[in-house]
Structure formats: C-alpha cells, structure tokens
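Peer 1: Here is my input, please return the structure:
(one chain, ligands or ions: 2)
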Amino acid sequence: MKLIVVGGGGREHAIIKKLKENKSVEKIYALPGNGGIAQDAECVNIGAKDIDAIVKFAKDNSIDFAVVAPDDPLVLGCVDALEKEGIKCFGPHANAAIIEGSKAFSKDLMAKYNIPTAKYKTFTDMDEALAYIDEAPVPTVVKADGLALGKGVVIAMTREEAKDAVKSMMQDKVFGESGSKVVVEEFLTGPEVSVLAFTDGKTVKPMVSSMDHKRALDNDEGLNTGGMGTVAPNPYYTKDVAEICMKDIFLPTINAMNSEGRTFKGCLYFGLMITENGPKVIEYNCRFGDPETQVVLPLMKSDLLTVMMACREGTLDKCEVEFEDANAVCVVMASKGYPQKYDSGFEITTDDDLKAEVYYAGAKCEGDKLVTAGGRVLGVVSKGNTLEEAIKSAYAQSEKVHFDNSYKRSDIGARALKALGR
Ligand code: AMP
Ligand code: GLY
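Peer 2: Ligands and ions are numbered 1, 2, ... in the order given. Okay, the predicted model is just below:
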C-alpha cells in the first residue's frame, strides 16, 4: 500500500514509524514532513493546508490511504476533499472536526448533552463580554473560538487581565477571525489528563492515557508551549476515573456528534481535568495530540494501520486495540528561547550508541546535514517497566543528541512520580 501522512511534526514522525510496522506498507509520503522524518518517509514539499495540492498528489500517485494528522487541514475539509476523489482517509470530516475548530460549538454540544465541563458563556459582542466579566468570579478563563495555534486560551487572574484578553481577541484581532467570538468560562482546578481515543462513530477505544507538560520551565513555570514532554500512562487516570469518563464523557460525546449529524471518525482527543466534582472536559481536539502521540504509539501493541482502517470502515468493534503494560517518557529538546525568539540552523547529531526513539519536529536537511529549524526540535522517547526507569533512560539518551542552543526541561515525569507517591 502507498500512504500519505499530512503534517510535519513529532506527532507525524511517530505515526509514520508506527505505520511502517505493517508489512503491507510499501511507501509513505509525508506532506510536508521534515528533515528528520526524511529518514522514514519520502518528504514532499506540499504544505499541510494546501488541500488542492494534497488531493492532486494523492491522485497522481495512486495513494491507497491518507492519514491527516494536524487540526488545520481537518477543519478545512482535507478529508472531505480526498474522500470525494475516492481516496480513503483516517480523520474526521470537516463537519465533525468543528469539535476542535470552534470552542463555542464544543461548549454548546456539551451543554446540550450534559457532558461535564466548565460553566461558560459565549460572546460575539465585545461590550457584552466586558460587562459579563465585571460580574464574573476570578480567576476566569477567556478562549478565542477558533484555532489559534494553541495560544487562544488566557487564564486571567484579575478582571483587568480578562478584559485585556477579550479586547486583544475581539478588537485587535490578534488571532484573526478566530477571535471574533469568545468563550468566557469558569476556572477549574485539578490534575490534567490527555486521553486519545480511536472511534468509528459507533465504538470508542481509548488509548493509554498521558500527561503533557505545557509550560516552558521546570516546576510548570514560564510560558505555555506546544508541550515540553509527556509521560504515559497518566497516574491520575485510575480505573475508576476511566470508567466514569467512558460512561459520562466518551460515549456521550460520540452519541452527541451522531445526533447532530456530525459523526466523528478518527482520533478524538479528550483534554480532561480531574476536579473535586469528577472529570470534566477542558477541550476536545479532532486529532492525535503532540507530544502525547510520541509516548502513546510506542506503547501500542496492535497494528496502527489496521485500526485506522477499521475506524474508517466502521468495524472498530471487531478490531483489537491493545497497549503494553509499561511506561513511556518523551523529553522534548527545544531551541533555547522557545516559545519566544530563538536562533536555528544548528547541526543536529546523535551518538552511535543512542538507544531511544527520536521523533523530529523542527529539523531540516541542509546538504547532508540535519539542522535545527523550529522551536521544538525533537523528542527523545524511552520506555521502561517503571516510570522511574523510563524517565532515567529518556534523560540519559537525550544526552546523546546534540545541537547548539538546545534546551529541555529537567523534570518531565516528576509530577507523575509524585502522584504515585514516589
Ligand atoms: P486548551 O487550549 O483549551 O487546552 O487550554 C490550554 C490550557 O489552559 C489547558 O491545558 C489548561 O491547563 C488551561 N485551561 C483551559 N481551560 C481551563 C479552565 N476552564 N480552567 C482551568 N484551566 C483551564
Ligand atoms: N498536546 C496538546 C495538543 O496536541 O493540542
């Protein structure tokens, strides 16, 4: 089979490596991929949002199956466009990807179908939003309705901050049209858990849970990033919590989407907060998480391509989705300065005795060298029978990956260990 994977980050690299385990895969093209992914797939210089070019490439190259990984092309209808030309895909249609594409949509869906989430109000009028904030308790959370590269959420400690956030979104349009509608919601507290789940629109099969580390600095300080590291499983996601989530969140969400005529097929990402009043949905994503995928897929025992095809065919109930009873840790190596200004173009090298998976994100080829080309450069992933082992190994192996100006957190997994009482 000939496959395309749309996207070009660490998540896509992990997906590609897993897909290659299937013997029927002859060829994988990454659109656009990156210099590191080029070790595992043929990278084609077509942007993930260039849907016409993606469809043309798939047709011209007789592609059998397409995996559309990032949010933008999914929300823009990449799966619809490919399927229209007869190309089979993994990923939701645009009318279902809206579950991530519009926070107002997802909040209204949860309210309508009694899915636990933070209380909220949606505004299209700035003055109404500002007046509401005058009465709202603080801290309060302001969210741009549309996609905003993960930056559209402001946790405001004061009413002033909340109002500034509303003004920057609605008046200054810092996120463009994504901010013409805003959601103001209740501030929740509790540990966060990411659960990625396969679904064919009828059956939901959750993958192993994971924990992201979103802040740039140790002890969860500093600016929000795309994710500085992950561990799986997440110790806060106990068997009891998992049961509640299945009953009160996962199945109701799938059923709600069906009732709305927006059947979701693909990977649905549940961003959960385990509050005193039980698990609540913080956000939905219509895709695999990054860098969650980098720890989840290495623990998957079942064949990824088979599961992805079952999601499309509606046969997920008959498909085995099994995970190892082990731990995985991803330490992200970033460019110093990320998520703000940073320099790139530094050569990336690895020692011969490196014994970990390296999933590349901000990397490109320059001649025969691999050089840094982004904020998050790569993730080093190790597995272990215990979380301690996996952490120790990921950090030891990360010492065997070199580039100037590199930065990583030193405490990925520390919070999870603490939760385990260790
Ligand atoms: P999101 O992009 O919606 O995942 O939000 C980014 C981060 O903001 C989440 O991972 C949470 O840490 C935080 N967050 C979002 N909504 C809330 C909320 N209602 N209460 C507390 N924290 C929140
Ligand atoms: N790690 C969070 C995300 O993929 O949005």
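
Peer 1: Going by contacts, tell me the helices and strands next to the helix or strand of the chain with the lowest mean pLDDT.
Peer 2: The weakest-scoring helix or strand in the chain, judged by mean pLDDT, DSSP states H and E, is strand 221-224 (a mean of 91). Applying 3 or more CB pairs under 8 Å, 6 or more residues apart in numbering; DSSP states H and E, we find strand 221-224 packed against strand 215-217. Where C-beta positions appear, they are placed from N, C-alpha and C, glycine not excepted.

Peer 1: Dump the least confident helix or strand of the chain to CSV, restricted to CA.
Peer 2: What follows is strand 221-224, C-alpha atoms only, in CSV (Å, rounded to 0.1, in the frame of the first residue of the first chain):
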residue,chain,number,x,y,z
GLU,A,221,6.6,27.7,35.4
GLY,A,222,7.2,30.0,32.4
LEU,A,223,5.2,30.5,29.3
ASN,A,224,2.8,28.0,27.7
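
Peer 1: Packing partners of the following helix or strand past that strand?
Peer 2: Moving toward the C-terminus from strand 221-224, the next helix or strand (DSSP states H and E) is strand 229-232. Packing partners of strand 229-232 (3+ CB pairs under 8 Å, 6+ apart): strand 211-212, helix 293-296, strand 327-335, helix 387-398.

Peer 1: Which helix or strand contains the residue positioned nearest the centre of the chain?
Peer 2: Nearest residue to the geometric centre of the chain (CA atoms, centre = their mean): residue 289, 1.6 Å. Assessed by DSSP H and E, residue 289 sits outside every helix and strand.

Peer 1: show me the contacts for it.
Peer 2: By CB atoms under 8 Å, 6 or more residues apart in numbering, the residues touching residue 289 are 11, 194, 196, 210, 212, 227, 269.

Peer 1: one more time with 6 Å, if that's ok
Peer 2: Each residue near residue 289 by CB atoms under 6 Å, 6 or more residues apart in numbering is listed here: 194, 269.

Peer 1: Just read off the phi/psi values of it.
Peer 2: Per-residue torsions, residue 289: phi -80, psi 160 (degrees, to the nearest 10).

Peer 1: Residue 283 too?
Peer 2: Taking degrees, to the nearest 10, you get phi -160, psi 160 for the backbone angles of residue 283.

Peer 1: Give me the nearest residue to it, chain neighbours excluded.
Peer 2: Leaving out its chain neighbours, the residue that sits closest to residue 283 by CB to CB, 6 or more residues apart in numbering is residue 271, at 4.1 Å.

Peer 1: beta partners of that neighbour?
Peer 2: Residues in a beta bridge with residue 271, per DSSP bridges, are residue 194, residue 283.

Peer 1: distance of it from ligand 2?
Peer 2: 7 Å (CB to the nearest ligand atom, to the nearest Å).

Peer 1: shouldn't that residue be in contact with residue 280?
Peer 2: No: using CB atoms under 6 Å as the test, residue 271 is too far from residue 280 to be in contact (9.9 Å).

Peer 1: of these two, who's got more company?
Peer 2: residue 280 (20 against 17; other CB atoms under 10 Å).

Peer 1: For residue 417, which residues are in contact?
Peer 2: Counted by CB under 6 Å, 6+ apart, residue 417 has contacts residue 387.

Peer 1: Report the contact partners of residue 178.
Peer 2: Per CB under 6 Å, 6+ apart, neighbours of residue 178: 144, 146-148.

Peer 1: how about the helices in the protein?
Peer 2: Assigned helices in the chain, in chain order: 10-19, 51-60, 71-76, 78-84, 94-101, 103-112, 126-135, 159-170, 239-245, 251-259, 293-296, 304-313, 387-398, 414-419 (criterion: DSSP state H).

Peer 1: and the nearest residue to residue 27 once chain neighbours are set aside, how many residues sit next to it?
Peer 2: Using CB to CB, 6+ apart and skipping the chain neighbours, the partner closest in space to residue 27 is residue 2 (4.7 Å). By other CB under 10 Å, the residues close to residue 2 number 15.

Peer 1: Mind pulling the model confidence for residue 2?
Peer 2: Looking at residue 2, its pLDDT stands at 98.

Peer 1: Check residue 31 too.
Peer 2: Looking at residue 31, the pLDDT reads 98.

Peer 1: what does the stretch 201-350 of the chain have sitting close to ligand 1?
Peer 2: Contact residues, the stretch 201-350 of the chain versus ligand 1 (CB under 6 Å from any ligand atom): 214, 271, 282-283.

Peer 1: Show me which of the residues you listed are buried.
Peer 2: The neighbour-count test (16 or more other CB atoms under 10 Å) marks 271, 282-283 as buried among these.

Peer 1: Residue 383 contacts residue 329, correct?
Peer 2: No: between residue 383 and residue 329 there is no contact under CB under 6 Å: 8.0 Å.

Peer 1: between those two, what contacts are shared?
Peer 2: With CB under 6 Å, 6+ apart as the test, residue 383 and residue 329 both reach residue 390.

Peer 1: Compare those two (neighbour count), which wins?
Peer 2: Each of residue 383 and residue 329 has its neighbours counted (other CB under 10 Å); residue 329 has more, 30 against 19.

Peer 1: I figured the more buried one hits residue 389, correct?
Peer 2: No: judged on CB under 6 Å, residue 329 makes no contact with residue 389 at a distance of 9.1 Å.

Peer 1: related to what we said a few turns ago, ok, now how distant is the residue nearest to the centre of the chain from residue 209?
Peer 2: 11 Å (CB to CB, to the nearest Å).

Peer 1: Equivalent analysis for residue 249, please.
Peer 2: When distance is defined by CB to CB, residue 249 is 13 Å away from residue 209.

Peer 1: Enumerate the residues of the stretch 251-400 of the chain near ligand 2.
Peer 2: Counting by CB under 6 Å from any ligand atom, the stretch 251-400 of the chain sits next to ligand 2 at 285, 289-290, 292.

Peer 1: Surely residue 314 is in contact with residue 199?
Peer 2: No: look at residue 314 against residue 199 with CB under 6 Å: they stay out of range, at 10.2 Å.

Peer 1: Between the two, which has more neighbouring residues?
Peer 2: Higher neighbour count among residue 314 and residue 199: residue 199, with 24 against 14, using other CB under 10 Å.

Peer 1: For the more buried one, list the residues it contacts.
Peer 2: Going by CB under 6 Å, 6+ apart, residue 199 touches 254, 268.
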